[in-house]
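# coords please:
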Amino acid sequence: MKGCIVVGEQTRFGPIPIKGELTKTLPQAREAGFKYVELNIKNPFTFKKGELKKLLDKNNLKAVALASGYPYFMENVSFTDERGEARNIAIKRVSEYIELANILESQVIIGSIRGEAPKNIEIETSYQRFLEALDKCLDKARQEGVNLALEPVNRYEMNLINTVSQGLEVINILNHPNLKLLVDTFHMNIEEPSIYASIRAAKDYITHVHIADSNRWPMGCGHLDFVKIMELFREINYTGALSAELLPMPNSQEAVRMIAEFFNNQGL
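Here you go, the predicted model:
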């Protein structure tokens, strides 16, 4: 397994421990002892193609995943938008993240970009729009040799694909080799009857993990049993990243310190 931290540019999305201009934040991640990062960036090609990889290499960092939620939070577009043009923009944005992931030898997270099912529309209509958009992105993912990691998100943030079983259902429906699963300990704590049973059920599809405590603070600040959780990830032979996507609490510097300490104690 790999200890990883989320580094992002400025956005309304809150659970990013290190946030700011990448030329400044990536050195912070390196100095804190991290080798792996998940990037939450507003535009895949803010840097010229290849330049971001050079910046990562300069800081001895590997981007193991790219978040794709920025267009949802800042451009107000998603896979379930009632406006066909907005759905096309969301697909285009994700396609750009996929192109960057190819360059970085990484994967793309499908989380908030799926959007919500509007209250005035049958949820099945929104679900089908989501499946259609995701299927189009998977065509691009296949071309680029990139995996998409679908993230179930709790019901208080989104009303579509909340549980691990619902994520597995999407994987079964689309039946695409490039579609995988992301599990998040914070969301699972809200939605799953058993975090452990859900991880076991999804073990063959998990390619990325978001790790945070029950209050979305660093591990050890809430009530989740991370001794048992870490034992389980080792039991299922998970070799991917554990990515700290959590609130920078009590402040960013202390959060980064606690995250690094947790991973060091785990030998990661």
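# report the secondary structure state of the residue nearest the centre of the chain.
The centroid of the chain falls nearest to I109 when counting by Cα atoms, centre = their mean (4.5 Å). Three-state call for I109 (DSSP: H, G, I helix; E, B strand; the rest coil): strand.
# correct me, but it touches S68?
Yes - contact criterion Cβ atoms under 8 Å: I109 and S68 qualify, at 5.9 Å. From N, CA and C alone the C-beta is placed, and that goes for glycine too.
# where do the strands of the stretch 51-200 of the chain begin and end?
Here the stretch 51-200 of the chain has its strands, by DSSP state E, counting those that start in this stretch, at 62-66, 108-110, 148-150, 179-184.
# most tightly packed of those strands?
Mean neighbour count (mean count of other Cβ atoms under 10 Å) peaks for strand 108-110 among these, with a mean of 30.
# thinking again about what came up before, take the strands of the stretch 51-200 of the chain and write them to JSON lines, including mean pLDDT and distance to N43.
Below are the strands of the stretch 51-200 of the chain laid out as JSON lines (pLDDT from 0 to 100; distance: least, Cβ to Cβ, whole Å):
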{"stretch": "strand 62-66", "mean pLDDT": "98", "distance to N43": "12"}
{"stretch": "strand 108-110", "mean pLDDT": "98", "distance to N43": "14"}
{"stretch": "strand 148-150", "mean pLDDT": "98", "distance to N43": "19"}
{"stretch": "strand 179-184", "mean pLDDT": "98", "distance to N43": "22"}
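# what comes up buried for stretch 204-211?
By neighbour count with 16 or more other Cβ atoms under 10 Å, stretch 204-211 contains the buried residues Y205, I206, T207, H208, V209, H210, I211.
# confirm the fourth one sits in a helix?
I take that to be H208. No - H208: not assigned to a helix; according to three-state DSSP it is strand.
# what is it paired to in the beta sheet?
When bridges are called by DSSP bridges, H208 pairs up with L182.
# many thanks, have a good one.
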